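Visitor: Coordinates for the following, if possible.
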Amino acid sequence: MKQKLWVCVCAATLLAVPASANVFPTGAHAAFNYIPFANGACTMHQVFDANLFANAMPPGYLAKIESIAFAPNTTLAGQQIAQPVQINLGYTNRVGGQASPAGLSVPVAGGGGAPNAIGAMTTFFNDPNYSYTVVSGGANNFEMKFTGTPFIYDPSQGNLLFEIVTPATQAVFSVSRCAGSAEGSRSYVGGSWTGESPTTATRMDIVFTAVPEPTSLLLLGAAVLLRRR
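Guide: Numbering: from 1, shown residues only. Predicted structure coming up:
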């Protein structure tokens, strides 16, 4: 009887999960910056601390990342922009908010994240014909939104690594960044500047849904079966 109660309680816990959540660096808005949308080709890498996701989900869940948005500058409000951009996601053992060599290193352009990456990167968004309308801007107003193939992120496997590549630029576009952030840091190469900002991060609104990991699904199935019996 105790075993049946325990399994059913676990099943109830797995079902009581928020539909979706947002994550972005919690540091205050500092300024607008043209990276990664600068003149010429540019690659930007940004690290997000795994705890930003883990703390927003119950134990035994993964983050199904569904869309990413940026806070644009107000100077382009009302304009429609066509910006070729590719967004890749992966894992890294680098730590946000720390300087090299303990933190983020400046990557090789198009190098897939090395030396930051753990394994290969996964393409989340890649549409050269994508365009969007800039409505307004601000530290918490995200108008530049990309929706791609969902990426299942497991916070227990490492921090989240973004790789954003702009092979060409049709318009100069600036996005909001925050300073003094311990949860995220970035580096970039190409375009107007090459370097590292170990305590600065681009503000990204990451929308994700919490989904059970495979072992949790097995537990839930066992709970339902046991309850029926």
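Visitor: all contacts plus neighbour counts: C-alpha atoms, from now on.
Guide: Will do.
Visitor: So, low pLDDT: which residues of the chain?
Guide: Judged by pLDDT under 70, the chain has its weakly predicted residues at 1-19, 34-40, 101-103, 105, 107-118, 137-140, 168-173, 180, 190-193, 215-229.
Visitor: Can you mark which positions in stretch 189-209 are buried?
Guide: Judged by neighbour count (16 or more other C-alpha atoms under 10 Å), stretch 189-209 contains these buried residues: 189-191, 196-209.
Visitor: Can you tell me which of these end up in strands?
Guide: 189-190, 196-197, 200-202, 204-209 (DSSP state E).
Visitor: what would those look like in JSON lines with distance to Thr147?
Guide: Rendered in JSON lines, the data for these read as follows (distance: C-alpha to C-alpha, whole Å):
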{"residue": "Val189", "distance to Thr147": "25"}
{"residue": "Gly190", "distance to Thr147": "25"}
{"residue": "Glu196", "distance to Thr147": "27"}
{"residue": "Ser197", "distance to Thr147": "26"}
{"residue": "Thr200", "distance to Thr147": "25"}
{"residue": "Ala201", "distance to Thr147": "21"}
{"residue": "Thr202", "distance to Thr147": "18"}
{"residue": "Met204", "distance to Thr147": "13"}
{"residue": "Asp205", "distance to Thr147": "12"}
{"residue": "Ile206", "distance to Thr147": "10"}
{"residue": "Val207", "distance to Thr147": "10"}
{"residue": "Phe208", "distance to Thr147": "11"}
{"residue": "Thr209", "distance to Thr147": "14"}
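Visitor: Could you look up the SS state of the residue nearest to Thr149 when sequence neighbours are not counted?
Guide: Beyond its immediate neighbours in the sequence, the residue positioned closest to Thr149 (C-alpha to C-alpha, 6 or more residues apart in numbering) is Phe124, lying 5.5 Å away. Assigned by DSSP: H, G, I helix; E, B strand; the rest coil, the conformation of Phe124 is strand.
Visitor: Does Phe124 touch Val85 like I think?
Guide: No - contact between Phe124 and Val85 fails when scored by C-alpha atoms under 8 Å: they sit 10.8 Å apart.
Visitor: Not counting its own residues, what contacts stretch 124-141?
Guide: 28-29, 71-74, 76-89, 143-151, 176-177, 203 (C-alpha atoms under 8 Å, 6 or more residues apart in numbering).
Visitor: List only buried entries from these.
Guide: Taking 16+ other C-alpha under 10 Å as the criterion, what is buried in the contacts of stretch 124-141 is 29, 71-73, 76, 81, 83-89, 143-146, 148, 150-151, 176-177, 203.
Visitor: All the helices of this structure, residue numbers only.
Guide: Counting by DSSP state H, residue ranges of the helices within the chain are 2-15, 51-54, 214-228.
Visitor: What is the second one packed up against?
Guide: I take that to be helix 51-54. With contacts defined as 3 or more C-alpha pairs under 8 Å, 6 or more residues apart in numbering; DSSP states H and E, helix 51-54 has no packing partner among the helices and strands.
Visitor: mind listing what's buried in that helix?
Guide: By neighbour count with 16+ other C-alpha under 10 Å, helix 51-54 contains the buried residues Leu52, Phe53, Ala54.
Visitor: between those residues, which is closest to Val95?
Guide: Lowest distance from Val95 to these (C-alpha to C-alpha) belongs to Leu52, with 12.6 Å.
Visitor: Roughly how far does the spatially closest residue to the closest one that is not a sequence neighbour sit from Phe48?
Guide: Distances taken as C-alpha to C-alpha, 6+ apart place Val23 nearest to Leu52, at 6.5 Å, with adjacent residues excluded. Val23 sits 9 Å away from Phe48, going by C-alpha to C-alpha, to the nearest Å.
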